[in-house]
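Chemist: Dropping a prediction and its sequence here:
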2 protein chains.
Amino acid sequence: MARAATTSDVFNAIAEPRRREILVLLRGGERPVTELARELGMTQPGASKHLRVLREVGLVRDRRAGKQRLYGLEARELRAVHEWSGGFERFWNESFDRLDEYVQGLGRESQEEQ
Amino acid sequence: MARAATTSDVFNAIAEPRRREILVLLRGGERPVTELARELGMTQPGASKHLRVLREVGLVRDRRAGKQRLYGLEARELRAVHEWSGGFERFWNESFDRLDEYVQGLGRESQEEQ
DNA sequence: TTGACATATTCCTATATCGGTATATGATCC
DNA sequence: GGATCATATACCGATATAGGAATATGTCAA
């Protein structure tokens, strides 16, 4: 078995950095493919292929506007990612607490050294 | 070029569902590989390989405990995921607003049909 | 219809999986 | 040391990329 398809999952879709960049750019409003490609320094086919993945997982919607096709954000699915990662909030706070203890421990040690 | 390494990024590491399951399990406390494998219905080498990825991106730490090696959560890096996805919060709310408008639009249409 | 512009798809190659099986490494205890 | 338990690694196969180049599809306008 190989890695799961990028279109199988929002988590897989946003694993690719360029796709995350696209999503961030789209926060600034709808855009055609060529503009996205230009702003991100990639080829038009490259951008098109990433947008296809994003569309298949529902992170992006498209609509025709004359000769162009405008892509826009459809962020609903990102909520799942936010909530899943939020389920670990108390653990990263815990980590920081442990870090604090560690730093205090260092402080005590340096006092003992003197 | 192929897909980026799973160890290149927290986003890539958590793209794999089994790895997300492992992280969730570890919220219940440290565990040895064999127990994780048993609880998730996968082989021991399978679990080991996933844990290696998680360790390389810093989502998991390990410590020896006698004959066993205990794996524990290191959730700090998940904060980045939470914050990144949180940057889209106002957009998924917007999406719901648009959905409301859409539903109201449907309502108007059905009234017009009568 | 033809031309021009915008976008999508196809074909290609190199690469990095994921899962399974077999095996190697490591630690503990006698 | 040797046996045993716990874990990691190596090897294999099938598969799904991501990017680049070339090309196909689609849309508008005259």
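Modeler: Yep, that arrived. Since we're looking at a predicted model, the values are computed, not measured. Numbering: from 1, shown residues only, chains lettered A, B, ... in the order given.

Chemist: which residues in chain A form strands?
Modeler: Per DSSP state E, chain A carries strands over the ranges A:31-32, A:60-65, A:68-73.

Chemist: Can you name the residues that contact A:Ser91?
Modeler: No, residue A:91 isn't Ser; it's Phe. By C-beta atoms under 8 Å, 6 or more residues apart in numbering or on different chains, the residues touching A:Phe91 are B:27, B:73, B:75, B:78. Where C-beta positions appear, they are placed from N, C-alpha and C, glycine not excepted.

Chemist: Looking at the first one now. What's its pLDDT?
Modeler: According to the prediction, B:Arg27 has pLDDT 97.

Chemist: Ramachandran angles for it?
Modeler: phi -60, psi -20 (degrees, to the nearest 10).

Chemist: Identify the residue nearest the geometric centre of chain A.
Modeler: A:Arg20 (4.3 Å; C-alpha atoms, centre = their mean).

Chemist: For that one, give its distance to DNA strand D.
Modeler: For A:Arg20, the distance to DNA strand D equals 11 Å [C-beta to the nearest atom of the strand, to the nearest Å].

Chemist: So which residues on chain A come close to DNA strand D?
Modeler: Counting by C-beta under 7 Å from any atom of the strand, chain A comes close to DNA strand D at A:1-7, A:15-16, A:18, A:42-43, A:45-46, A:49-50, A:53, A:64, A:66-67.

Chemist: just the residues you listed that are near chain B?
Modeler: Among the residues of chain A next to DNA strand D, the ones lying near chain B by C-beta under 8 Å from any C-beta of the partner chain are A:3-4, A:6, A:15-16.

Chemist: now the helices for chain A?
Modeler: Taking DSSP state H, the helices of chain A run over residues A:10-13, A:17-26, A:33-40, A:44-56, A:78-86, A:89-113.

Chemist: So, low pLDDT: which residues of chain A?
Modeler: Within chain A, the ranges that satisfy pLDDT under 70 run A:95-114.

Chemist: Which positions in chain A make contact with chain B?
Modeler: Residues of chain A that fall close to chain B, judged by C-beta under 8 Å from any C-beta: A:3-4, A:6, A:9, A:11-12, A:14-17, A:20, A:23-24, A:27, A:73-76, A:78-79, A:81-82, A:84-89, A:91-92, A:94-96.

Chemist: try 6 Å this time
Modeler: Within chain A, the positions near chain B by C-beta under 6 Å from any C-beta of the partner chain are A:11-12, A:14-15, A:73, A:75-76, A:78-79, A:81-82, A:85-86, A:88, A:91-92, A:95.

Chemist: Among the residues you listed, name the buried ones.
Modeler: Buried by 16 or more other C-beta atoms under 10 Å in any protein chain shown: A:11-12, A:14-15, A:73, A:75-76, A:78-79, A:81-82, A:85, A:88, A:91-92, A:95, out of the residues of chain A next to chain B.
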